[in-house]
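In: The sequence and its predicted three-dimensional model are supplied below.
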Amino acid sequence: MLGYISAWAGMGFGVRCYALALQKRNIFENFGGHLFSVGAFSGLGYYFYNLDIRQKALLADKKDQLIRMREREATLAPADDGSHGHH
């Protein structure tokens, strides 16, 4: 989790510095803006971390469900010995 949050915080700091550079402003002025940007991007990192966990859990549940359905179909399906003449 710390990796996600710190990476997104770094991205926020970089975006803030890039925006100030585009405006030809000093990147060391108004540290409150830097803190706000880092905080906002840290929040995004926290959200994306939890989103990733939820999506992985949903995918694992869906995979288990599909495996159970295939096993059930395999046990319910009659044995096909190829003598039916279809196809």
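Out: Happy to help now that I have it.

In: who touches the spatially most central residue of the chain in this structure?
Out: The geometric centre of the chain, computed from its C-alpha atoms, lies nearest to Asp52 (CA atoms, centre = their mean), at 3.6 Å. The neighbourhood of Asp52, defined by CB atoms under 8 Å, 6 or more residues apart in numbering, consists of Tyr4. All C-beta spots, glycine's among them, are computed from the backbone N, C-alpha and C.

In: for the record, mean pLDDT for the lengthiest helix in the chain?
Out: Ordering each helix of the chain by length in residues (DSSP state H) puts helix 31-76 first. Averaged over helix 31-76, pLDDT sits at 93.

In: next one: stretch 9-17
Out: The average of the pLDDT scores along stretch 9-17 is 92.

In: Can you dump the C-alpha atoms of that stretch in PDB for me?
Out: Backbone C-alpha positions of stretch 9-17 (Å, rounded to 0.1, in the frame of the first residue of the first chain) are rendered in PDB as follows:
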ATOM      1  CA  ALA A   9       2.300  11.300  -4.200                       C
ATOM      2  CA  GLY A  10       5.400  11.600  -6.200                       C
ATOM      3  CA  MET A  11       3.300  11.900  -9.300                       C
ATOM      4  CA  GLY A  12       1.300  14.700  -7.700                       C
ATOM      5  CA  PHE A  13       4.500  16.600  -6.800                       C
ATOM      6  CA  GLY A  14       5.800  16.100 -10.400                       C
ATOM      7  CA  VAL A  15       2.500  17.300 -11.900                       C
ATOM      8  CA  ARG A  16       2.500  20.400  -9.700                       C
ATOM      9  CA  CYS A  17       6.100  21.200 -10.600                       C
END
